[in-house]
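Enquirer: Fold the following.
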Amino acid sequence: MPVILPSPAEEALWLDAATPAPLVQELMATLPSDAVAFREVGFAVGDARHDEPDVLDPPAPTDADADADPTLF
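Expert: The predicted structure is shown next:
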């Protein structure tokens, strides 16, 4: 799971080699659920060669989607 740093101050601490290890461990704490949002994205999000903002667009609907029950995976 990636570390999500919610502020520039925390990003600076994360990147500073002089930050004490206990503080770095605190930065790796789980974010509260109201600080993150989950949404469906297309397959381009997993392709490192595709570095455009549209990777976060919802996937295009398909005929199979109309009949399928929603699932996480």
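
Enquirer: hey, let's count contacts and neighbours off CA atoms from now on
Expert: Fine.

Enquirer: Where does pLDDT dip in the protein?
Expert: For the chain, applying pLDDT under 70 flags the ranges 1, 63-68, 70, 73.

Enquirer: how about the strands in it?
Expert: Secondary structure of the chain by DSSP state E: no strands are present.

Enquirer: So which residues of it form helices?
Expert: Secondary structure of the chain (DSSP state H): helices located at 8-15, 21-27, 63-67.

Enquirer: I'd like these as TSV, with distance to residue 36 and mean neighbour count appended.
Expert: Converted to TSV, the helices of the chain look like this (distance: least, Cα to Cα, whole Å; neighbours: other Cα atoms under 10 Å):
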stretch	distance to residue 36	mean neighbour count
helix 8-15	17	13
helix 21-27	16	12
helix 63-67	26	8
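
Enquirer: Select, out of those helices, the one closest to residue 55.
Expert: Nearest to residue 55 among the helices of the chain is helix 63-67 (19.4 Å), distances taken as Cα to Cα.

Enquirer: Residue 45: which of the helices of the chain is closest?
Expert: Closest to residue 45 of those is helix 63-67 (Cα to Cα; 19.1 Å).

Enquirer: follow-up on the earlier one: tell me which of the helices of the chain lies nearest to residue 52.
Expert: Closest among those, using Cα to Cα: helix 8-15, at 23.0 Å.

Enquirer: Show me the contact partners of the closest one.
Expert: 5, 19, 24, 27 (Cα atoms under 8 Å, 6 or more residues apart in numbering).

Enquirer: out of those residues, which one sits closest to residue 46?
Expert: Nearest to residue 46 among the contacts of helix 8-15, with distances taken as Cα to Cα, is residue 5, at 21.0 Å.

Enquirer: picking that back up, so which of the contacts of helix 8-15 is the closest to residue 49?
Expert: Closest to residue 49, out of all of the contacts of helix 8-15 and judged by Cα to Cα, is residue 5, at 24.4 Å.

Enquirer: before we move on, the earlier item: residue 72: which of the contacts of helix 8-15 is nearest?
Expert: Each of these was scored against residue 72 by Cα to Cα, and residue 5 proved nearest at 24.8 Å.
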